[in-house]
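S.K.: A structural model of the following input is requested.
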Amino acid sequence: MSSTDIDASDAIVVYLRRYPGKNDEEFQAHFGVEGATTALEQVRLILDEAIKIQPDWNRMSLNDAGDYVEAVMHERHPELSRQALEAIGNYFTYLVR
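M.R.: Next up, the predicted model:
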């Protein structure tokens with residue numbers, strides 16, 4: 001399965017569904033063994049990009065920062081669904097709290 005066959009939004013939502021818990025079995029069942037590897041690569045690239053965003057902590061609450069990360073990622077990746085962007089924002093706020 002190539003990266004163009006993977007819906008990045010779907011991959012993000014499934015991967016983060018139980019975060020911080022693991023969701024490996026559902027992820028692999030959803031994308032198949034080979035597809036899961038490709039999907040995970042896409043997810044990791046996007047999540048690594050998101051976690052590098054630097055909110056202005058002097059002006060933003062944790063919730064504001066999550067919203068900011070969602071907005072920045074929407075600008076950078078307009079193809080991502082609202083649900084995927086929300087999952088990314090929640091991921092960010094969980095890691096930085």
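
S.K.: Now residue 30: closest residue in space, sequence neighbours ignored.
M.R.: residue 14 (5.2 Å; CB to CB, 6 or more residues apart in numbering). C-beta here means a position set from N, CA and C on the backbone, and glycine is covered the same way.

S.K.: three-state assignment of the residue of the chain most remote from its centre?
M.R.: In the chain, the residue that sits farthest from the middle, by CA atoms, centre = their mean, is residue 58; the gap is 24.8 Å. With DSSP: H, G, I helix; E, B strand; the rest coil as the basis, residue 58 sits in coil.

S.K.: Now for it: which residues touch it?
M.R.: Residues near residue 58 by CB atoms under 8 Å, 6 or more residues apart in numbering: none.

S.K.: just residue 91 next, same as before
M.R.: 16, 19, 47, 50-51.

S.K.: Could you give the separation of the one helix or strand in the chain whose mean pLDDT sits lowest from the chain centroid?
M.R.: Counting by mean pLDDT, DSSP states H and E, the chain has its least confident helix or strand at helix 24-51, which shows a mean of 95. Distance of helix 24-51 from its chain centroid, counting by CA atoms, centre = their mean, to the nearest Å, is 10 Å.

S.K.: And the residue nearest the centre of the chain, what's its pLDDT?
M.R.: Among the residues of the chain, residue 88 comes closest to the average C-alpha position under CA atoms, centre = their mean, at 3.9 Å. Reported pLDDT at residue 88 in the predicted model: 99.

S.K.: my read: it touches residue 15, true?
M.R.: No - contact criterion CB atoms under 8 Å: residue 88 and residue 15 do not qualify, at 10.5 Å.

S.K.: Go through the least confident helix or strand of the chain and flag the buried ones.
M.R.: Applying a neighbour-count criterion of 16 or more other CB atoms under 10 Å, one finds 27-28, 30-31, 35-36, 38-40, 42-43, 46-47, 50 buried in helix 24-51.

S.K.: Out of those, which comes closest to residue 62?
M.R.: Distance to residue 62, by CB to CB, is smallest for residue 50 among the buried residues of helix 24-51, at 14.8 Å.

S.K.: How about the contacts made by that closest one?
M.R.: 69, 72-73, 88, 91-92.
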